[in-house]
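*Asks:* sequence-free structure coming up:
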């Protein structure tokens, strides 16, 4: 069974977050009070999607992500699967590059590589949750995983 595995835990409030871009001119992303509440959650959420037929599994462990997904993220069918697949390919490539540079990027944020094959059809649900996790991750930790500003 192929696995896409993304496991992140609670980070200390005092953890130094290293900026993901060398540029000092980042556009500020507006964060609503409801979104801030999701980011401040301490209880771990675990979202697992698995399918033996397609031989994949995705595990996302992140406090507040499930709440954010249900209350903040765009609803299902807002984005097409092809749109999310193309963004996920960019996000995964950039995320994996940062995982391989633990002296430059915080290894508490970039813990392990994600095995996302561009020619595999993971289906809408996996792409939806992975795409939204990357948006959540970028907004919560003020990171950039591509040339786009992470907006909701």
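*Replies:* Happy to help now that I have it. The shown structure was predicted, so the numbers you read here are calculated from the model rather than taken from an experiment.
*Asks:* Look at the residue lying closest to residue 48 once chain neighbours are set aside and say how many residues are nearby.
*Replies:* Nearest residue to residue 48, sequence neighbours excluded (Cβ to Cβ, 6 or more residues apart in numbering): residue 59, at 5.1 Å. All C-beta spots, glycine's among them, are computed from the backbone N, C-alpha and C. Residues lying near residue 59 (other Cβ atoms under 10 Å) number 14.
*Asks:* where's residue 59 relative to residue 85, distance?
*Replies:* Remark: distance between residue 59 and residue 85 (Cβ to Cβ, to the nearest Å) = 19 Å.
*Asks:* How about the contacts made by the residue positioned nearest the centre of the chain?
*Replies:* By Cα atoms, centre = their mean, the chain has its centre lying nearest to residue 134, at 2.3 Å. Contacts for residue 134 were tallied using Cβ atoms under 8 Å, 6 or more residues apart in numbering; they are 87-88, 91, 95, 145, 150.
*Asks:* now swap in residue 68 and tell me
*Replies:* 35, 38-39, 132, 136.
*Asks:* can you tell me which two in the residues you listed are farthest apart?
*Replies:* Maximum pairwise distance among the contacts of residue 68 (Cβ to Cβ): 14.1 Å, between 39 and 132.
*Asks:* quick one, which of those two is more surrounded?
*Replies:* Legend: neighbour count by other Cβ under 10 Å for residue 39 and residue 132, higher for residue 132 (22 against 17).
*Asks:* All set, thanks.
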